[in-house]
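K.L.:
Sequence first, predicted model second:
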Amino acid sequence: MTAMTLQPHYRTVWISDVHLGTRGCQADLLLDFLNEVTADTYYLVGDIIDGWRLKKSWHWPESHHAVITTIMDKAKNGAKVIFVPGNHDEFAREFVDMTFGHIEVKMNDIHETADGKRLLVIHGDEFDGVVKYARWLAYLGDTAYNFAITLNRYYNGIRRRLGYGYWSLSAYLKNRVKNAVQ
């Protein structure tokens with residue numbers, strides 16, 4: 001970024017479902033984004049860190065660490081950062097109503113938009129019957145989803161070599177399963 005180029009500034013930036021700690025996480029893209037923008041408030045709305053996956057297999061490359069330190073730096077430099085844990089980072093729920101490194105941990109929050117509307121900020125697992133009442137099925141789904149992410153990496157490697165853009169097999173399968181369950 002040159003001295004002539006200004007970073008875009010937003011009132012609020014919303015980030016969710018990053019899944020740091022997984023091989024499928026696109027931390028480099030998030031890091032690029034975080035370095036390109038500034039905001040008054042950042043909401044981290046669940047599944048920022050994938051505790052489920054980290055319990056099974058430790059994967060924490062430098063890019064994942066860089067995302068965390070960049071967010072912490074933004075908080076330290078005056079941005080308001082609110083973390084609402086989700087089901088994959090539920091370990092952080094024991095820290096609700098505490099502040100760590102200038103980051104507030106909350107179960108939910110009320111955000112007021114520029115035009116005065118009030119929005120409830122909450123993670124979707126609060127409304128997911130599978131996560132709440134059939135935990136084993138949520139874990140099974142997570143295992144299948146992570147397998148799909150692994151396949152997705154190989155599939156998109158082939159697509160890139162053939163000149164095609166990115167396509168998310170894992171997101172496609174997840175949507176198909178959710179639609180079938182409904």
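P.N.:
Received it, and whenever you're ready, just let me know what you need.

K.L.:
quick one, strands of this structure?
P.N.:
9-15, 38-45, 80-84, 98-100, 103-105, 109-112, 118-121 (DSSP state E).

K.L.:
pLDDT on the last one, on average?
P.N.:
Okay, so that is strand 118-121. Averaging pLDDT along strand 118-121 gives 96.

K.L.:
Got phi/psi on residue 123?
P.N.:
phi -80, psi 140 (degrees, to the nearest 10).

K.L.:
show me the contacts for it.
P.N.:
With contacts defined as CB atoms under 8 Å, 6 or more residues apart in numbering, the neighbours of residue 123 are 16, 45, 46, 47, 84, 85, 86, 87. All C-beta atoms are positioned from the backbone trio N, CA, C, and that covers glycine.

K.L.:
Please pick the buried ones from those.
P.N.:
Among the contacts of residue 123, the ones that count as buried by 16 or more other CB atoms under 10 Å are 45, 46, 47, 84, 85, 86, 87.

K.L.:
would you turn those residues into TSV with pLDDT and distance to residue 147?
P.N.:
Formatted as TSV, the buried ones among the contacts of residue 123 follow (pLDDT from 0 to 100; distance: CB to CB, whole Å):
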residue	pLDDT	distance to residue 147
45	97	25
46	90	22
47	92	18
84	97	28
85	96	25
86	92	21
87	88	19
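
K.L.:
okay, those in CSV with distance to residue 28 next?
P.N.:
Below are these laid out as CSV (distance: CB to CB, whole Å):
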residue, distance to residue 28
45, 21
46, 21
47, 18
84, 24
85, 24
86, 22
87, 25
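
K.L.:
ok, so of these, who is nearest residue 167?
P.N.:
Of all the buried ones among the contacts of residue 123, residue 167 sits closest to residue 47, with 21.5 Å by CB to CB.

K.L.:
just checking, that closest one touches residue 19?
P.N.:
Yes - counting by CB atoms under 8 Å, residue 19 is a contact partner of residue 47 at 5.8 Å.

K.L.:
So for these two, which residues contact both of them?
P.N.:
Common neighbours of residue 47 and residue 19 (CB under 8 Å, 6+ apart) are residue 88.

K.L.:
pLDDT weak spots in this protein?
P.N.:
1-5, 126-138, 177, 180-182 (pLDDT under 70).

K.L.:
go again using 90 as the cut-off
P.N.:
Scanning the chain for pLDDT under 90 picks out the ranges 1-7, 23-24, 52-53, 55-57, 87-88, 90, 101, 123-157, 165-182.

K.L.:
Got the domain ranges for it?
P.N.:
1-125, 128-182 (automatic domain parsing).

K.L.:
Pick the most buried one from those.
P.N.:
domain 1-125 (a mean of 16; mean count of other CB atoms under 10 Å).

K.L.:
just to revisit the earlier point, dump the contacts of residue 123 to CSV, plus distance to residue 165.
P.N.:
Formatted as CSV, the contacts of residue 123 follow (distance: CB to CB, whole Å):
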residue, distance to residue 165
16, 23
45, 27
46, 28
47, 25
84, 32
85, 33
86, 28
87, 30
